[in-house]
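>>> build me a structure from this.
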Amino acid sequence: MSSVFLVDDHEIVRQGIAGVIEAQPDLTVAGEAATVRDALPRIAATQPDVAVLDVRLPDGNGIDLCRQIRQDLPHVQCLILTAYDDDDAMFAAVVAGAAGYLLKSVRAAELVEAIRGVAAGRRLLHPSAERNAMQRMRDAPGEDPRFGSLALRERQILALIADGLTNRQIGERLGLAEKTVKNYVSGLLSKLGLDHRTQAAVFEIERGRRRDA
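Residues are numbered from 1 along each chain as shown. I've put the predicted structure just below:
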């Protein structure tokens, strides 16, 4: 049984989605919220398998909420469900770590299958969306070309290395095995032309300073 948490500021939308989910023998609704403020503590309390998030919320947006969930509760998969077919929002969802991005015009059966897929650990973002996100990152003005060679996951891990986290802590944060994190670290060090994670941390800190200058 997979549990689902719903975040949408329209009660009638939440009720409709909840009805579809509860009609499935293998899915259940763990809880609901209409705002970012209410969603974060409730998701932490209920520990759902999947959080279905609207993009536009009264006190923030589902993309930032997704990023926070993935940082604090990496085992919770996020599925963005929005009425807006927005390339910028899709790009932001990729960077935030969303596992899927669907329009509210999707059929009920497709939504159910998407929730099941995300709960099973599959990514439902179209490959072209991830490629476009990577290209936009590479094209960022003044960016070190070595950083542009890193995959999205490698960039996440690099940032956490700069924050001083160990491989085990990074794995816990991102929902990855420690061995998998070690492999990512080896790969990003090779791409950056560095020998040690301390050098990688310095690289990321200096890159951040140049970007903010």
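>>> pull the CA atoms of stretch 59-70 into CSV?
Taking Å, rounded to 0.1, in the frame of the first residue of the first chain, the C-alpha atoms of stretch 59-70 are listed here in CSV:
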residue,chain,number,x,y,z
ASP,A,59,2.1,31.3,0.5
GLY,A,60,4.6,29.9,-1.9
ASN,A,61,4.9,27.3,-4.7
GLY,A,62,5.1,23.6,-5.1
ILE,A,63,8.6,23.7,-6.6
ASP,A,64,10.2,25.2,-3.5
LEU,A,65,8.1,22.9,-1.4
CYS,A,66,9.4,20.0,-3.4
ARG,A,67,13.0,21.1,-2.9
GLN,A,68,12.4,21.4,0.9
ILE,A,69,10.8,17.9,1.0
ARG,A,70,13.6,16.4,-0.9
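>>> list the buried ones in that stretch?
Residues Asn61, Gly62, Ile63, Leu65, Cys66, Arg67, Gln68, Ile69, Arg70 are the ones in stretch 59-70 that count as buried (16 or more other C-beta atoms under 10 Å). Using the backbone N, CA and C atoms, a C-beta is placed for each residue, glycine as well.
>>> now, these that are in strands?
Secondary structure assignment by DSSP state E places Asn61 of the buried residues of stretch 59-70 in strands.
>>> now the residue at minimal distance from the centre of the chain: closest residue in space, sequence neighbours ignored.
Nearest residue to the geometric centre of the chain (C-alpha atoms, centre = their mean): Gly97, 1.8 Å. Closest residue in space to Gly97, ignoring its immediate chain neighbours: Arg70 at 4.0 Å, by C-beta to C-beta, 6 or more residues apart in numbering.
>>> ok, Phe203 next?
Per C-beta to C-beta, 6+ apart, closest to Phe203 is Leu192, 6.1 Å.
>>> how many neighbours does Phe147 have?
Residues contacting Phe147 under the criterion other C-beta atoms under 10 Å number 20.
>>> run through the residues that contact it.
Arg155, Leu192, Arg207 (C-beta atoms under 8 Å, 6 or more residues apart in numbering).
>>> contacting residues around stretch 22-33?
By C-beta under 8 Å, 6+ apart, stretch 22-33 touches 1-8, 14, 18, 21, 39, 42-43, 45-48, 112, 115-116.
>>> of those, which belong to strands?
Residues of these located in strands (DSSP E): Ser2, Ser3, Val4, Phe5, Leu6, Val7.
>>> in helices only, show me the buried residues of stretch 59-70.
Of those, the ones assigned to helices by DSSP state H are Gly62, Ile63, Leu65, Cys66, Arg67, Gln68, Ile69, Arg70.
>>> I'd like those residues as JSON lines, with pLDDT appended.
Converted to JSON lines, those look like this (pLDDT from 0 to 100):
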{"residue": "Gly62", "pLDDT": "88"}
{"residue": "Ile63", "pLDDT": "84"}
{"residue": "Leu65", "pLDDT": "90"}
{"residue": "Cys66", "pLDDT": "90"}
{"residue": "Arg67", "pLDDT": "83"}
{"residue": "Gln68", "pLDDT": "86"}
{"residue": "Ile69", "pLDDT": "91"}
{"residue": "Arg70", "pLDDT": "86"}
